[in-house]
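**Q** Provide a 3D model corresponding to the input given below.
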Amino acid sequence: MADPNKNRQVDVPADELFQVICDAASQDPLKIKTSTDRLKQMLDMTGCFDALSQISAQRVMPLQVRQQSIIQLKNAVINQWRSRRLVLPEQRQGIKERCLSLMNEPDDLISKCNQVVIAKIARQDFPLNWQNLLPDLLSIIETNMTARYTGGSSDFLALRRTLEILHCVTKEFASMKLMFAVKNMAKIVDETHLKLYAYYTVIASSLEALDPTTVSDRRMAEEVLLAHLVFKSLTKCASWLYQKAKGRDQENVDQWLHNLFRSTVDQLRRLVEKRANIVIALQTASSAWDPIATQTITYLTRHIFGFGKFYRRLLQLDAARFVTLPLSTDLVLYYWNKVVQATQSPSGYIADSPTAVYPVRFVVQCMAVFKGSVAQWSPTRVEGSALDQAFVEEAVRILVTRFIPLNPSDLEEWMSDPEEWVNVEERGDEQWEYEIRPCGERVLMTLSSQYRDYVDPLLKATWEEARSLQSSELSVILQKEAVYCALGRCANRLGQLIPFDEWLRDNLAREARGTDSTYPILKRRIAWLIGKWVSSESTTPNNPLIWELLAFLLQDQGPGTDAVVRLTAAVAIRECVDTTDFDINVLRPYLHPIVRHLVALISEADTLESKRRISNTLNAVIERAETDIIPLMGIIAEPIPQLWVSAGVDWVFKGVLLETVTKLVGASKENSMSLVGLVVPMVKDSFTPAAIQQLDADGLNLWLISVQNATTIEAVNGAPGLVELFPLIIHLLSNNLDLLGRIISIAESYFLLDAPRLLQAYGNDIFAAFMQSMKQALSVNVLGLLSALNLLLQVAGSFPVWGEAMHTSGLFSHIIKSLSEEKMMATLLSGYVLVLARIAIADNRLFVQLMSLTGPVLNMPESQVWEDTLNQWWARFDNIYEPRQRKLVAMGISRLVATGRPEVLERLHTEVCNIWTDVFGELREAMERANEEGPESLTLYWDRQPDELFDDCKGTLEFGRRTTAYESDIVRTTQLTTYVRAAIQEAEMICGPAVFYEKYLSKIDPAVMKQIQKELTP
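**A** Next comes the predicted model:
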């Protein structure tokens, strides 16, 4: 029922709101907790946004109170600005004006929040309901820019804040895809891009004076910051135009973009060189950097990063077009030259600091732009490649010798936190955009892909040199490790050049067993290398030596190894088993030690991320081992309860553990009954209020495979039985519409195991859950529910266990009502008729009783109940196309004929006979076809097992149960002619032969009667 107060206007008490904000900004935990709860309520009151805006705009207020106020406004306005109840029309204008009044706000936090508020409001209101936004911003910028660069009086803070707001608004609209937003962004771009270009040109000229003598000048720091802010908005406009501009303005836009791009390349080179000279000069000076110099260099570094970000965005949008831009080749080669210079620079020049000579982010941007452009310069794409063989080979040497090797900081992090080091390494696909070594690896992969004729022979020669290196000195080990890394990254292109099996036998096997203190570096890379070569299908996983080495590296805890080696070996094992040509026969001798040590490693790991990664390997091994895993079930299952408890709210790891048990149950099949004691509590925990949103899908997967492979739902050997979970499936059937398809499958699996037991214990609840779900579910799920209900009635056995529940639950009356109203699609109504046919076949007297009880429930005469039902029975027969289901309808109507009910017999000469003759004819055609073409044609047409009944249970015990249920179905095993003959005889006995003939049989068309008699004659 809807809340009557939900849309009622409640004005916020301003004084109380102010006190709540003060409490929220205090340091008192109790006040913070109380105010947080109250604030959630007040944010749903009219005028709250307006009051928060007023508090944040008053500079006489305590700073912490203003900050807290605008934070709350920012968080709320994102989703609630459109609410007419929360923000009245007159308040909207006031909020906007106050936002623009904060143009000279000194506090950065308030200013940043204000930028977001303006951008989010603009997203909804600009330009129709905030026409003055852009003119006001441009007016402030123009006024202050003119004054600043003509000797007048300007407000730097206002200029800075306005540029920040303009960028935030531009960024907001640039990210929108809807047509109205694209038009609004076009308006912003049209009105700003030329002005921004002019502003940047003016500011850039002032940067010519930047040198070691002016870097400590405050005005210069401001100039660099202003240049950066203007450039951010300018490049947002340029990137948008690069992607969107089309039509008659394309030529003008392209010309502007070309001019802009050319000027940025020139400006980048000037700024990079200036910055490097200034930083080197400051570092060699005897005095420490002053704060203003540090600030200037920091702003300049960010500005240079902005150039790289702009170029990478253009590459992302259209790399082929990027390389045609003027000076793009010069830009890319200049960037690469900076990479080369960085490699040749003194130690310490490359650092993750804005004041380093070569900041890490700058070097990464250089390599990333180079990487993105190299693919467009491939000899296979353009004639006369921009990169010659000497250049490519030198680039590869630089990457392999300078950027890919582990550096001292890598080794220090390895030693201080091995697990976290591995975790970071395994996230390489995410890290390459931020760190030099992963980026260098991706650049090498691109060069290898685009310049195979140059790179592959060079890598082979490098491999041959590395094989001959025998020293255990750290420098040699690090260089060999880098070579192995390069060979692993390019494995899919080296499989035909490098004899991996020979390399494995003659070199890697010996190195993997080395005991020198430097060998963990090499062992870790060997494990990784094996995984990469196998997963890229450059070598086969069916080499026993591979498994021998991986098993050794996984379990070895002697000298010359460490946790990093073991964790990497675990990852490599997953990569090797998860391949198309994997053969369990090769792994089988090593399966026990691998599984045992994977389980031990999960328990030993300190971080949940490591536990997840190892568990994923274990899951892959279980899946590929299949029944070979059965002897190891106990080893795998034993630590899971403790791991589950220790995982706490790490839902990802708990999901992995659920998958582990799911794989184990699926592999062990009938032997999985010993795992039910583990399955039941895990499934229950997965559906607690705290966990259900995170684990419901994984929990259902485990539940389904467990029931499919179970031999009984009862408790075994004192452990909990699957029957304990059945009340939960009833609850989910009624209430969880999101995963209803999976829930129905679980319910069907239970029915196939022991339907009579479940109906006896939970019959009323089962049928009530079906009814409730049918009222709410999507049509596709209602069809699934009807199929499950049909199956339940088929395997339920004697009707006394479910007959009464069919009425008391309201399910039968719901079916009749649905048929009577005829508001559903034909396929659903057909499904309801099939359920009624099942009931009639089970016991026609029960059916008659249910029909008589339904009239009062629906407030309908019983005759009307019969009429509506029989109308649908005939109408839906033509909508049913599957032969088995059409025979079910015919058998169901036969049992209704056998009741002698006049409502049914009055239709004998029309609808009933038509149903019979149609199905008789279909059966006769099928038999004739079988006689002509062979019995397999009968199987294909009439007696074919529906694929949808078996798709989800192949390879489980349930497949046999479903096959048995299908083959023993009365619809399949009963001869229809005998069935119809018996029904007519029963009706004749009830009515009396004379009456039956006179009132019903005599009305049948003679030709039809002759045909039926022919069919019914033994």
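
**Q** can you show me the helices along the stretch 51-200 of the chain?
**A** For the stretch 51-200 of the chain, applying DSSP state H, counting those that start in this stretch gives helices covering 63-80, 89-101, 108-125, 133-148, 156-174, 179-206.

**Q** no, scratch that, I was asking about the stretch 451-600 of the chain
**A** Shown for the stretch 451-600 of the chain, the helices assigned by DSSP H, counting those that start in this stretch span residues 452-467, 474-489, 491-494, 500-503, 509-512, 519-535, 544-555, 563-577, 584-604.

**Q** again, but for the stretch 851-1000 of the chain
**A** Using DSSP H, counting those that start in this stretch, the helices of the stretch 851-1000 of the chain run over residues 862-877, 883-897, 902-905, 913-933, 935-941, 957-967, 970-973, 976-991, 993-999.

**Q** point out the most buried one among the ones you listed.
**A** Most buried of the helices of the stretch 851-1000 of the chain by mean neighbour count (mean count of other C-beta atoms under 10 Å) is helix 883-897; its value is a mean of 23. Heads up, the C-betas are built off the backbone N, CA and C, glycines and all.

**Q** what separates that helix from the chain centre, distance-wise?
**A** Its chain's C-alpha centre and that of helix 883-897 lie 46 Å apart, by C-alpha atoms, centre = their mean, to the nearest Å.

**Q** cool, stretch 547-557 as well?
**A** With C-alpha atoms, centre = their mean as the basis, stretch 547-557 stands 34 Å off its chain's centre.

**Q** and that stretch, what's buried?
**A** 547, 549-556 (16 or more other C-beta atoms under 10 Å).

**Q** what of stretch 849-866?
**A** Buried positions in stretch 849-866, judged by neighbour count with 16+ other C-beta under 10 Å: 850-851, 853-855, 860, 865-866.

**Q** grab the nearest non-local neighbour of Asn114.
**A** Nearest residue to Asn114, sequence neighbours excluded (C-beta to C-beta, 6 or more residues apart in numbering): Leu102, at 4.8 Å.

**Q** quick one: contacts for that neighbour?
**A** Taking C-beta atoms under 8 Å, 6 or more residues apart in numbering, we find Leu102 in contact with 56-57, 110-111, 114, 161.

**Q** mind running it again at 7 Å?
**A** Applying C-beta atoms under 7 Å, 6 or more residues apart in numbering to Leu102 gives the contacts 57, 110-111, 114.

**Q** repeat for Thr711
**A** By C-beta under 7 Å, 6+ apart, the residues touching Thr711 are 670, 673, 957.

**Q** picking up where we left off before, can you redo the helices of the stretch 451-600 of the chain as CSV with mean pLDDT and distance to Leu411?
**A** Listed next are the helices of the stretch 451-600 of the chain as CSV, based on pLDDT from 0 to 100; distance: least, C-beta to C-beta, whole Å:
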stretch, mean pLDDT, distance to Leu411
helix 452-467, 93, 19
helix 474-489, 94, 9
helix 491-494, 90, 25
helix 500-503, 94, 26
helix 509-512, 94, 18
helix 519-535, 96, 8
helix 544-555, 96, 19
helix 563-577, 96, 11
helix 584-604, 95, 22
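
**Q** any idea which of those helices gets closest to Leu888?
**A** Closest approach to Leu888 among those is made by helix 584-604 (43.8 Å; C-beta to C-beta).

**Q** can you name every helix or strand that the closest one contacts?
**A** Other helices and strands packing on helix 584-604, by 3 or more C-beta pairs under 7 Å, 6 or more residues apart in numbering; DSSP states H and E, are helix 544-555, helix 563-577, helix 608-625, helix 633-637.

**Q** so what's the residue count around the residue nearest to Arg123 when sequence neighbours are not counted?
**A** Nearest residue to Arg123 in three dimensions, chain neighbours excluded: Glu172, at 5.5 Å (C-beta to C-beta, 6+ apart). Burial measure for Glu172: 23 neighbouring residues, criterion other C-beta atoms under 10 Å.

**Q** picking up where we left off before, closest to Ile635 out of the buried residues of stretch 849-866?
**A** Nearest to Ile635, judged by C-beta to C-beta, of those is Leu850 at 54.1 Å.

**Q** for the chain, list the residue farthest from the centre, please.
**A** Residue distances from the centre of the chain (C-alpha atoms, centre = their mean) peak at Ala994, which lies 71.4 Å from the mean C-alpha position.

**Q** distance check, that one against Gly741.
**A** Look at Ala994 and Gly741: by C-beta to C-beta, to the nearest Å, they are 54 Å apart.

**Q** same check on Gly831?
**A** Using C-beta to C-beta, we find Gly831 at a distance of 15 Å from Gly741.

**Q** then Leu753?
**A** Here the distance between Leu753 and Gly741 works out to 20 Å (C-beta to C-beta).

**Q** got the angle for the longest helix seen in the chain vs helix 957-967?
**A** Ranked by residue count under DSSP state H, the longest helix found in the chain is helix 740-776. Angle, helix 740-776 to helix 957-967, by axes from the mean of the first three to the mean of the last three C-alpha atoms, to 10 degrees: 50 degrees.

**Q** what mean pLDDT does helix 740-776 have?
**A** Taken as a whole, helix 740-776 has a mean pLDDT of 94.

**Q** following it, which helix or strand comes up?
**A** Where DSSP states H and E defines the elements, the next helix or strand beyond helix 740-776 is helix 779-795.

**Q** please compute how far stretch 494-507 lies from its chain's middle.
**A** In terms of C-alpha atoms, centre = their mean, the centre of stretch 494-507 is found 38 Å from the chain centre.

**Q** before we move on, what about stretch 881-892?
**A** Here stretch 881-892 shows a centroid-to-chain-centroid distance of 42 Å under the convention C-alpha atoms, centre = their mean.

**Q** over to stretch 171-188?
**A** Worked out by C-alpha atoms, centre = their mean, stretch 171-188 lies 27 Å from the chain centre.

**Q** C-alpha coordinates for that stretch, PDB please?
**A** Listed in PDB are the C-alpha atoms of stretch 171-188, where the atom choice follows Å, rounded to 0.1, in the frame of the first residue of the first chain:
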ATOM      1  CA  LYS A 171      32.900  17.800 -18.600                       C
ATOM      2  CA  GLU A 172      29.400  17.000 -17.400                       C
ATOM      3  CA  PHE A 173      27.800  17.700 -20.800                       C
ATOM      4  CA  ALA A 174      30.600  16.000 -22.800                       C
ATOM      5  CA  SER A 175      29.900  12.700 -21.100                       C
ATOM      6  CA  MET A 176      26.200  12.800 -22.000                       C
ATOM      7  CA  LYS A 177      24.900  10.800 -24.900                       C
ATOM      8  CA  LEU A 178      21.200  11.700 -25.300                       C
ATOM      9  CA  MET A 179      20.300  14.000 -28.200                       C
ATOM     10  CA  PHE A 180      19.100  17.000 -26.100                       C
ATOM     11  CA  ALA A 181      22.400  16.900 -24.100                       C
ATOM     12  CA  VAL A 182      24.500  16.600 -27.400                       C
ATOM     13  CA  LYS A 183      22.700  19.800 -28.600                       C
ATOM     14  CA  ASN A 184      23.400  21.600 -25.300                       C
ATOM     15  CA  MET A 185      27.100  20.500 -25.500                       C
ATOM     16  CA  ALA A 186      27.200  21.800 -29.100                       C
ATOM     17  CA  LYS A 187      25.900  25.200 -27.800                       C
ATOM     18  CA  ILE A 188      28.600  25.300 -25.100                       C
END
